[in-house]
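# Okay, predicted coordinates and the sequence, questions at the end:
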Amino acid sequence: MSFHIWSLPDLMIELRFQEVIPIINWETSTFSAPVLAVLVFASVALFPTLLLPSSPSMWVAGMTFGYGFGFMLIMSGAAVGISLPYFIGSLFLHRLQGWLEKYPKKAAILRAAGEGNWFNQFRAVAFIRISPFPYIIYNYCAVATNVKYVPYLLGSLVGMVPETFLTIYTGILIRTLADASHEQCALSAQQIILNVVGFCATVATTIIITMYAKKQLKMLQKEEDLLLQ
């Protein structure tokens, strides 16, 4: 899945918030929790293969199930969602390898993930997942870099943890605002402060982790560039 840092104002604009809250209220009142769990799992598992974003489903998981079950639901669906493109990509292995050979510089980061032992592959995949690299592209191209499936799977899941917690927290925040809108009551000053501080802290932590991952990827890319020279 790809990594996007949302600010609260940008989130409100992008979601067209006044339209989203009624949809959320309708969704949670129409579907039972088990049905929502199935829908979240199915969308997180299938959308990446269809080149569709799964973040809205992850928001639903956050606002419906919270951190515990919501996290497990997302990660189990993501395990399927990142595996299907990997195996589908293996059917077009030679074509993908030819595409990577046409753009050796741009593909240096991807190739670096297929180098070294099990742990090096796991680490490189995790960094790619954390960094703002288009995850949909990597899902299909990973197999062409000779990265093994197990380090690819585990590295992807570990690298998705920061984004998953951010989207779950965003879903919880949306649920809080949706409840306030549904009950036609304003949030207290304390609730507003806690929500804003919590969101900012989550975003700040995610940014720090992303910057570290980008730095490590640049080092891996430099090593790969030296091998290409």
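Yes, it's here.
# And Ile193, what's its pLDDT?
On the pLDDT scale, Ile193 is placed at 68.
# I meant Ser156, not that one.
Listed pLDDT for Ser156 reads 92.
# Now it: which helix or strand?
Per DSSP states H and E, Ser156 falls inside helix 149-182.
# got the residue ranges for the strands in the protein?
Counting by DSSP state E, no segments of the chain form strands.
# which stretches of it have low pLDDT?
By pLDDT under 70, the weakly predicted segments of the chain are 1-25, 28, 104-106, 178-199, 202, 206, 212-214, 216-229.
# One more pass at 90, please.
For the chain, the stretches with pLDDT under 90 are 1-33, 36, 39, 48-64, 66-67, 89-121, 123-147, 159, 162-163, 165-229.
# mind listing the helices for it?
8-15, 17-30, 33-46, 55-90, 93-102, 108-112, 118-130, 135-141, 149-182, 189-228 (DSSP state H).
# one step back: between helix 55-90 and the helix holding Ser156, find me the angle.
Calculated by axes from the mean of the first three to the mean of the last three Cα atoms, to 10 degrees, helix 149-182 forms an angle of 160 degrees with helix 55-90.
# list the helices and strands helix 149-182 packs on?
Judged by 3 or more Cβ pairs under 8 Å, 6 or more residues apart in numbering; DSSP states H and E, helix 149-182 is in contact with helix 17-30, helix 55-90, helix 118-130, helix 189-228. Yep, even glycine has a C-beta here, placed from its N, CA and C like the rest.
# could the helices of the chain go into JSON lines alongside mean neighbour count?
Below are these laid out as JSON lines (neighbours: other Cβ atoms under 10 Å):
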{"stretch": "helix 8-15", "mean neighbour count": "13"}
{"stretch": "helix 17-30", "mean neighbour count": "13"}
{"stretch": "helix 33-46", "mean neighbour count": "17"}
{"stretch": "helix 55-90", "mean neighbour count": "20"}
{"stretch": "helix 93-102", "mean neighbour count": "12"}
{"stretch": "helix 108-112", "mean neighbour count": "22"}
{"stretch": "helix 118-130", "mean neighbour count": "22"}
{"stretch": "helix 135-141", "mean neighbour count": "21"}
{"stretch": "helix 149-182", "mean neighbour count": "20"}
{"stretch": "helix 189-228", "mean neighbour count": "14"}
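# Quick check: Ala78 vs Phe87, distance?
15 Å (Cβ to Cβ, to the nearest Å).
# and if you look at Met63?
Met63 is 32 Å from Phe87, by Cβ to Cβ.
# Ok, Asn139 next?
Using Cβ to Cβ, Asn139 is found at 10 Å from Phe87.
# try Trp99
Taking Cβ to Cβ, one finds Trp99 at 18 Å from Phe87.
# likewise Glu163?
Relative to Phe87, Glu163 is positioned 23 Å away (Cβ to Cβ).
# Leu157 now?
16 Å.
# Please consider this matter closed, and thank you.
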